[in-house]
Structure formats: structure tokens, C-alpha cells
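Engineer: Sequence plus predicted model, see below.
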Amino acid sequence: MVNYFGKETIAKDGKKYRSQFEANFVNKFLLPSGLEFVYEVPYPNSKMTCDFYIPEFDIWIECVYHYAKMKYSYETEFKRINLPLARYENKEFIKAYGGLWDTTIKQWYIVYKGKELKELHRFMEPAELKVIIESDGKAIHKDYDDTLFEKITNKKCNILIVNNDDLGYNDLTHLICAKENIFVLKNIVTKILGQRDLSNIGKNITEIYRLAEQSEQMTKEIEEFKKNNIVKENNVIKKKRKRKKRKLDVKHNHAIINYDN
């Protein structure tokens, strides 16, 4: 494990990175994305550096060598959480996760009771998504988590924290969606849509998630279709083999009869 994270490694772009993990991250996500990225760029107004920076979408990426997870401020206590970015067309989705409608202020809300609510992050106010660091305490040095938290605080949470387990995602898009960092998603939507007024940004993010959910469902349906077709094809092949075997048995029996006669 120490060698994997501490051994300088050359990635497919011909550049040397401080660890094999970072080189693998470049090979798996950054190079295939086609996006420009900068290695070990300093944070604004700071001497601290970030492992990777994607300037087009202002995404900062920290590769950590232990389990470290961003937890959101709403997860620190049981309380009511308003969902001001929810729309009428989202009602069935919200109700499925325990959401309720406040008739007084005409707004959806949910009561946090310790259960993960990441499916509803897109509907929450940014203040509810301020982060803290949850760590397994196995950082490479004792001040690592404090430094990581300081970076996140200074950058207003516009950071993706990735570890070795995240190499299992398909590509950079899959990784970003899985992290569900609303600040990163806002930057992406703003850049793609050329949007300056962020008042409707929640609606745009909701639409992205809706399309992503549709895509995921379609992928599942396609895989199921392929699986069913394979089963059908196998059954057809088996039937053909049985028919062929019966024909051979009939010919064999006729040959025996003719020989006896």
C-alpha cells in the first residue's frame, strides 16, 4: 500500500506523478476526458496546492490516501430540511423518499433522521451542503485531515475528494455524478449553458439528474434485453441441437432396421 501511494509513476501522458495512484487517476479519468488539467496547482491566495485542477469547469481534485469523506452540515443533527429547488414534476420522487408538502409556505421539506439523503441534495439550499471531513484516522500524517478541511473551506467546497476505491467508476462524468458535489455541478451547468443568472440553476441540475436517471434506466433495460436475448438464443440453439439429435437417432434406427432386413 505504501509503495502504491508513494512511488513516483509515469502516466500515459509521459509525465511523472508523485504516486501510482495519481498516475492511475490520470490514465483512467483525466486523459480520456479530453479536458485540460493542471497538476499540483496552488490554490488562490494560498501556499497550499491541489493535486489536479480542471480550469474549464473550475474543478479542484484532491487524491487522498486513506478513507476521507465529506459530510454535509445537515447530517450533524436531526432536523427539518426545506427543499426550495423542488418543482411540481418532482413530487412523486420526493414523496418516495419521505418528503412532505408544507401548505403554509407551499414548499417541499423532509425531516432528517440519520438516513442518507443524497438523492435529495439537488433540491436543498447550498447552506445545508456545507461540508465537514469524516476520516478513518489513517492519514499519511497527523495534520493531513486538518489541511484537507482548510482547503475545502477556502475553496467553498468546490473540490472533489477521491481515493483508490473511486477508480472503479467508468469515467470522469460517472465519478463527478457519483460525488454529487452541488458546487461542482453548478459550475458545469453554468459553463455549458452560458448562464450568468444562477436563480434557476437548481432546475437545470434537476434536469441533468432526470436525464441521468433516464439514461441509467435505459442502460439497465438494454442490459436486461441483451440478457434475455442471450437466454432466448441459447434456448433456440438447444432446441436445434435436440431436433438434430432426433433426426440422427431416426436415421440411425432406420439404418439398423435396414441392416437387420
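Structural biologist: Received the coordinates, thanks. Numbering: from 1, shown residues only.
Engineer: all strands for this structure, in order.
Structural biologist: Here the chain has its strands, by DSSP state E, at 9-10, 16-17, 38-42, 49-54, 59-63, 68-72, 79-83, 100-102, 107-112, 131-135, 159-162.
Engineer: So for E119, which of these sits nearest?
Structural biologist: Closest approach to E119 among those is made by strand 107-112 (10.4 Å; CB to CB). For every residue, glycine as well, the C-beta is placed using N, CA and C.
Engineer: Now do the buried residues in the closest one.
Structural biologist: Neighbour-count burial for strand 107-112, with 16 or more other CB atoms under 10 Å as criterion, is recorded at 108-110, 112.
Engineer: now do stretch 57-77
Structural biologist: Buried residues in stretch 57-77 (16+ other CB under 10 Å): 57-66, 68, 70, 72, 74-75.
Engineer: What average pLDDT does that stretch get?
Structural biologist: Per-residue pLDDT values across stretch 57-77 average out to 76.
Engineer: Among the buried residues of stretch 57-77, which one lies nearest to N24?
Structural biologist: Nearest to N24 among the buried residues of stretch 57-77, with distances taken as CB to CB, is C63, at 9.6 Å.
Engineer: contacting residues for the nearest residue to V26 once chain neighbours are set aside?
Structural biologist: Using CB to CB, 6 or more residues apart in numbering and skipping residues adjacent in sequence, the residue nearest V26 is A11, 4.3 Å away. Residues in contact with A11 (CB atoms under 8 Å, 6 or more residues apart in numbering) are 17, 22-24, 26-27, 31.
Engineer: Restricted to helices, list the residues you listed.
Structural biologist: 22-24, 31 (DSSP state H).
Engineer: Quick one: which of these is the most crowded by neighbours?
Structural biologist: E22 (24 neighbours; other CB atoms under 10 Å).
Engineer: so what's the nearest residue to that one once chain neighbours are set aside bridging to?
Structural biologist: Leaving aside its sequence neighbours, E22 sits nearest to C63 (CB to CB, 6+ apart; 5.4 Å). C63 forms beta bridges with V162, as assigned by DSSP bridges.
Engineer: Just to check, C63 is in contact with D166?
Structural biologist: No: in this structure C63 lies outside contact range of D166 using CB atoms under 8 Å: 9.0 Å.
Engineer: ok, back up a step: any idea which of the ones in helices among the contacts of A11 is the one closest to I188?
Structural biologist: Top of the list for closeness to I188, among the ones in helices among the contacts of A11 and by CB to CB, is L31 at 19.0 Å.
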